[in-house]
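Undergrad: How does the following fold in three dimensions:
(one chain, ligands or ions: 1)
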Amino acid sequence: MPFCATIIPFMIPKPFEKPIYVTRPFLPPLADFSNGLQEIWNNEWLTNNGPVLQRFQKELCHYFATDNLCLFNNGTLALQIALQGLQLSGEVITTPFTFVATTHALYWNKIRPVFVDIEPEHYTLDPARVEAAITPWTTAILAVHVYGYPCRLRELADVAKRHKLLLLYDAAHAFGVIVDGRSIGSYGDLSMFSFHATKLFHSIEGGMLMFSDPGQMKVFDYLKNFGFENELQVVMPGTNAKMNEFQALMGSQVLRHIESIIMKRREIDSLYRARLKNIPGVHIPELPSVSVKFNYSYFPVEIDTDQFGMDRDHLYAGLQKFNVFTRRYFYPLVTDFACYRSLSVKDPLTTARRIAGRILCLPIYDSLELQDVDRICGCIESLCPGFESKSRLRKSTAANGGHSAADPSMRAEIPA
Ligand code: T4K
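TA: This is a model prediction of the structure:
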């Protein structure tokens with residue numbers, strides 16, 4: 001009988017002591033926030049266009065270099081109100097590869113979503129598919145800068161212009177993204193940003209519209225405050241979607257740290273790229289072109305089942321055993337949710353379906369330690385069947401392997 005019992009074929013990493021989530025909110029120093037709370041206490045003003053909110057709005061106007069922005073209590077209501085304020089109806093062409101709130105905002109405005117496919121590089125709407133789906137009932141395009149990757153801005157603008165359609169962006173993931181020296185929110189007719197706690201920039205919950213037509217400001221202000229013109233007059237059927245003073249305080253304080261938050265995420269992004277590039281079957285989307293200042297808001301990878309040796313869902317479950325909680329944003333596609341399944345969809349959505357089946361968002365947030373990123377990569381390696389032998393084979397055939405193994409101190413030996 002061949003001797004093999006004492007040979008340890010592979011080292012597996014130790015599970016994390018505490019759960020590692022896909023994201024964690026940035027929290028400003030508690031002393032700063034307490035000082036801000038004192039101001040709110042002094043003001044005895046908690047919501048309804050208070051002084052902290054007004055100051056926060058000015059700070060954002062400066063940051064985005066515009067006066068045309070309006071704040072809300074969350075991104076979903078911001079988008080819903082945008083569609084209502086623009087009086088859109090009929091059909092709007094949009095993506096199925098998004099958070100369900102994008103579609104819900106259309107639904108609440110009785111607009112029919114027309115889903116078309118995405119492009120494979122950065123998962124944003126394919127402009128050619130958009131153009132092919134236009135009908136006499138189409139009133140707008142609602143595209144999503146998913147994971148902060150800019151949509152095909154020029155091509156979408158051309159399509160919108162040719163067909164006299166409004167061009168709206170769900171920029172929920174795109175805070176801080178700059179394209180050709182301009183904020184991404186300045187493209188198209190209107191953009192919605194989410195300031196939810198899970199976003200790189202947040203105000204606990206919150207949302208913002210940025211728009212090109214200053215005339216829209218009054219309408220959005222009415223709609224988020226019940227349609228009140230003054231104490232005695234209601235001019236349109238609005239709702240309550242106001243941001244309060246506590247949200248504004250958090251937003252204002254997080255804004256002071258936004259550049260360092262983005263820089264820290266950039267380091268994490270780089271380390272993931274360096275560590276994962278040699279794992280077979282882990283496809284990392286390219287960073288956007290050099291004309292884009294990116295925000296590193298998510299770290300999505302695609303898992304190729306055949307090359308990796310395991311499908312995305314097993315990897316997702318396997319990582320949970322290491323206390324690593326990744327997310328399958330955005331699976332299922334919106335079109336596959338029970339409430340939208342009955343909609344007829346002409347586009348086969350081939351790319352969106354393929355990506356939804358392979359995508360996995362790895363943890364990324366400013367307080368995630370680089371050594372933990374390294375450890376997460378070690379967990380992925382350990383779950384990749386035959387990784388060690390595949391990697392040895394690659395190293396022996398490639399002159400420049402470039403792979404650095406996970407810190408051995410973080411690994412535990414498999415018990416005999
Ligand atoms: N359009 C797009 C493209 C969007 O992605 C979103 C929101 C919207 C529109 C709508 O914007 P909002 O109305 O939300 O402003 C999260 C967020 O709730 C949601 O805002 C976000 N997109 C979506 C992509 O992700 P969940 O259900 O995944 O969140 P949850 O609670 O599971 O949080 C994820 C992880 O974050 C947790 O496992 C732990 C961590 N976490 C979360 C919270 C809330 C914390 O560590 N601390 C926290 O306070 O939806």
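Undergrad: can stretch 71-84 be found next to the ligand?
TA: Yes: against the ligand, stretch 71-84 shows contacts by C-beta under 6 Å from any ligand atom at N74, G75, T76. From N, CA and C alone the C-beta is placed, and that goes for glycine too.
Undergrad: mind listing which of those residues are in helices?
TA: Using DSSP state H, the members of the residues of stretch 71-84 next to the ligand that fall in helices are G75, T76.
Undergrad: which of the residues of stretch 71-84 next to the ligand count as buried?
TA: Neighbour-count burial (16 or more other C-beta atoms under 10 Å) applied to those gives N74, G75, T76.
Undergrad: Relative to V22, how far out is the second one?
TA: Translated: G75. 18 Å (C-beta to C-beta, to the nearest Å).
Undergrad: Next: P15.
TA: 17 Å.
Undergrad: on that earlier part again, ok, of the buried ones among the residues of stretch 71-84 next to the ligand, which one's closest to D213?
TA: G75 (20.2 Å; C-beta to C-beta).
Undergrad: residues in contact with that closest one?
TA: Neighbouring residues of G75 by C-beta atoms under 8 Å, 6 or more residues apart in numbering: A101, A172, M192, F193, S194, F195, H196, G206, G207, M208.
Undergrad: show me what contacts the residue lying closest to it once chain neighbours are set aside?
TA: Once flanking residues are discounted, G75 sits nearest to S194: 3.1 Å by C-beta to C-beta, 6 or more residues apart in numbering. By C-beta under 8 Å, 6+ apart, the contact set of S194 is N74, G75, T76, A78, A172, H173, G206, G207.
Undergrad: L209 is in contact with the fourth one, correct?
TA: Yes: in terms of C-beta atoms under 8 Å, A78 counts as a neighbour of L209; the distance is 5.3 Å.
Undergrad: Enumerate the residues of the stretch 101-250 of the chain near the ligand.
TA: So the stretch 101-250 of the chain meets the ligand at A101, T102, V144, D170, A172, H173, S194, H196, A197, T198, G207 (C-beta under 6 Å from any ligand atom).
Undergrad: Which residues does the residue in the stretch 201-350 of the chain that the ligand sits nearest to form beta bridges with?
TA: The ligand sits closest to G207 of the stretch 201-350 of the chain, with a gap of 5.0 Å, by C-beta to the nearest ligand atom. Under DSSP bridges, the beta-bridge partners of G207 are F72, S194.
Undergrad: Now do the contacts for it.
TA: 71-79, 192-195, 243.
Undergrad: how about those in JSON lines, adding distance to G318?
TA: Output for these, formatted as JSON lines (distance: C-beta to C-beta, whole Å):
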{"residue": "L71", "distance to G318": "41"}
{"residue": "F72", "distance to G318": "39"}
{"residue": "N73", "distance to G318": "38"}
{"residue": "N74", "distance to G318": "34"}
{"residue": "G75", "distance to G318": "32"}
{"residue": "T76", "distance to G318": "33"}
{"residue": "L77", "distance to G318": "38"}
{"residue": "A78", "distance to G318": "37"}
{"residue": "L79", "distance to G318": "36"}
{"residue": "M192", "distance to G318": "35"}
{"residue": "F193", "distance to G318": "34"}
{"residue": "S194", "distance to G318": "30"}
{"residue": "F195", "distance to G318": "33"}
{"residue": "M243", "distance to G318": "40"}
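Undergrad: Now pLDDT and distance to Y331 too, for the residues you listed, in TSV please.
TA: Converted to TSV, the contacts of G207 look like this (pLDDT from 0 to 100; distance: C-beta to C-beta, whole Å):
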residue	pLDDT	distance to Y331
L71	98	31
F72	98	27
N73	98	28
N74	98	23
G75	98	20
T76	98	20
L77	98	25
A78	98	25
L79	98	21
M192	98	22
F193	98	24
S194	98	19
F195	98	25
M243	98	31
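Undergrad: From the residues you listed, pick the one nearest L287.
TA: F193 (20.9 Å).
Undergrad: What residues does the stretch 301-416 of the chain have near the ligand?
TA: F325, R327, Y329.
Undergrad: Columns pLDDT, secondary structure and distance to I268 on top of those, output as CSV?
TA: Formatted as CSV, those follow (pLDDT from 0 to 100; DSSP: H, G, I helix; E, B strand; the rest coil; distance: C-beta to C-beta, whole Å):
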residue, pLDDT, secondary structure, distance to I268
F325, 98, strand, 16
R327, 98, strand, 16
Y329, 98, coil, 17
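Undergrad: What subset of those is buried?
TA: Judged by 16+ other C-beta under 10 Å, buried ones among those: R327, Y329.
Undergrad: what's in contact with the longest helix seen in the chain?
TA: Longest helix in the chain, counting residues (DSSP H): helix 258-276. With contacts defined as C-beta under 8 Å, 6+ apart, helix 258-276 is touched by 26, 63, 175-176, 200-201, 254, 282, 284, 287, 294-297, 299, 301, 362, 364-368, 370, 373-374, 377, 380, 402-404, 406.
Undergrad: buried residues in that helix?
TA: Neighbour-count burial for helix 258-276 [16+ other C-beta under 10 Å]: I258, I261, I262, K264, R265, I268, D269, L271, Y272, R275, L276.
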